[in-house]
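Visitor: Quick one: sequence plus predicted model below, questions after.
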Amino acid sequence: MSLEISKLKTIFTTKTFKAFSWYSLAQIVVQGLALLSVIIVSRYLGPQNLGLLSFVQNYLATFLTIVAGMDFYFVWKLARTEYKEKEVVHYIGHKINIFLVITITGLVAAFLTLPHSIAIMVAIMILPSFLQSLTAFNLYSTVVNKAREVALFQIISSIILFLIKALLVHQEASLYSFIIVATIDMFLTSILFSFYYLKQKHWRELFKQEKSPSFLESFHFVYAIKTSIVALALWQLMLRADQLILATFSEPYLLGIYTAAVKIAEMPNFLAGILSTALISKISSTSLGETNAIKKSNSQKMIVVFLSIGIIISLGIAALAIFIVPLLYGKEFIDSVSVLRIYAFSIPAIFLNYLFLGMYSTQERYFSQIIIFGGAILLNALLMYTLFPLYGLVGAAFSTVIAYSLSAFLFYYYLLPKKVSE
């Protein structure tokens, strides 16, 4: 017994556990304040303005999906290299170049295809988006295990943003004010990290010494990792495809009702992220196991864990939807209840997709991710255009549940031993 207690104490004093504790604490605070922000902002804006805000955020996020793939690649490259600080400087240069192209493309597309008032909102968000290049500091901090700093800066940022949003609601600010705050939300943590590192002399000297990459070098960098970027971009696009598609044939009020339900159903996603982080070594070792039998056995154990947690959460949200929606948003959003009851059943599939994303990425099976995510997006679009005219927002939610479930099933099917090689 004393030996077991000694081992338990050893586990709880490891750097890994401490780091996980910091990240968990940060996510509890961040997600809690995010939920409170959603409640007060949604109640104030109402369905129509919430729909407009959501559309602008999703529009910008679509153009930034390429960055998600770049960041994912950069983290693993940074973890392997000995020259981490130089890589950070070069990567910031690459991101600034890519962001310039994304900004110009996004602005032109917005003013050509969107109503002028909405295009102005897009411009407000997209023009300062280059500051998100500084997220390289965030990623560096995670790789070198500065868990405490990462957690503290995330907590500070979330508190500042929550207070600003609460103040704007109190002052009865316009929708444009919330667009500006949503913009700040994208890079506030990165700004804090920039001050943290650039106050150190050797970092300032490093930026002076290292040559910034040219546009040609940046495009070559993106081209070299194009498969990884496309896979991660499609993953991010799949998570918001339903709202983007819905915006093409519905009015802002309906989009706001739908978005309110989605925001509640997405809240547990942070738990899937934490779970994936906690089991990252297990996921990697399982994905690279020596035999198919070992892969199958260990994979099924983790699948059961992720699926069970997802099912429990989805059943709880579906059962309590009639109480959750009025409590959080008010009676003005009562139509979101029926949407949430259906949309909640996408949660188990999302949990599984988080798990499979890690497994397939460890094996560098990016092409499989592209095919599966792309297929799910296409199916979601087809079902949305088919079911929405018949069943309204409930049909849209059901379309998304089917699309997410299909992607999870295909990932599982091709992960089986008989399909393990590509």
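Guide: Good, I have the coordinates. Numbers count the residues shown, from 1 in each chain.

Visitor: Quick check: buried residues in the helix or strand where F356 lies?
Guide: According to DSSP states H and E, F356 maps onto helix 347-362. The neighbour-count check on helix 347-362 (16 or more other Cβ atoms under 10 Å) flags 347-362 as buried. For the C-beta atoms, the positions are set from N, CA and C on the backbone; glycine is no exception.

Visitor: and the gap between the residue nearest to M302 when sequence neighbours are not counted and A408?
Guide: The shortest distance from M302 to any non-neighbouring residue, by Cβ to Cβ, 6 or more residues apart in numbering, is to L355 (6.1 Å). Look at L355 and A408: by Cβ to Cβ, to the nearest Å, they are 9 Å apart.

Visitor: Equivalent analysis for F333, please.
Guide: Distance of F333 to A408, given as Cβ to Cβ: 29 Å.

Visitor: Show me which of these two is the more surrounded one.
Guide: Using other Cβ atoms under 10 Å as the criterion, F333 and A408 rank with A408 on top: 26 against 23.

Visitor: From G32, how far out is the more buried one?
Guide: Distance, A408 to G32, by Cβ to Cβ: 28 Å.

Visitor: mind listing what the closest residue in space to S214 that isn't next to it in sequence touches?
Guide: Leaving aside its sequence neighbours, S214 sits nearest to N97 (Cβ to Cβ, 6+ apart; 7.8 Å). Counting by Cβ atoms under 8 Å, 6 or more residues apart in numbering, N97 makes contact with P213, S214, F215, S218, F219.

Visitor: Now the strand or helix carrying T400: average pLDDT?
Guide: T400 is part of helix 366-413, with elements assigned from DSSP H and E. For helix 366-413, the mean pLDDT works out to 94.

Visitor: Show me what it packs onto, helices and strands only.
Guide: helix 226-247, helix 252-266, helix 336-343, helix 347-362 (3 or more Cβ pairs under 8 Å, 6 or more residues apart in numbering; DSSP states H and E).

Visitor: can you rerun that using 6 Å?
Guide: Applying 3 or more Cβ pairs under 6 Å, 6 or more residues apart in numbering; DSSP states H and E, one finds that helix 366-413 contacts helix 226-247, helix 336-343, helix 347-362.

Visitor: For the shortest one, the averaged confidence score.
Guide: When you say that, I think you mean helix 336-343. The model assigns helix 336-343 a mean pLDDT of 96.

Visitor: again, but for stretch 66-79
Guide: In this model, stretch 66-79 has a mean pLDDT of 74.

Visitor: residues of it that come out buried?
Guide: Quick answer for stretch 66-79 (16+ other Cβ under 10 Å): I66, V67, A68, G69, M70, D71, F72, Y73, F74, L78.

Visitor: For the stretch 51-200 of the chain, just list every one of the helices.
Guide: Secondary structure of the stretch 51-200 of the chain (DSSP state H, counting those that start in this stretch): helices located at 65-80, 84-113, 116-126, 135-143, 147-170, 175-198.

Visitor: Any idea how far stretch 197-210 is from the middle of the chain?
Guide: 30 Å (Cα atoms, centre = their mean, to the nearest Å).

Visitor: contacting residues around the residue at minimal distance from the centre of the chain?
Guide: The residue lying closest to the centre of the chain (Cα atoms, centre = their mean) is Q236, at 6.7 Å. For Q236, the residues meeting the contact criterion (Cβ atoms under 6 Å, 6 or more residues apart in numbering) are T65, A68.
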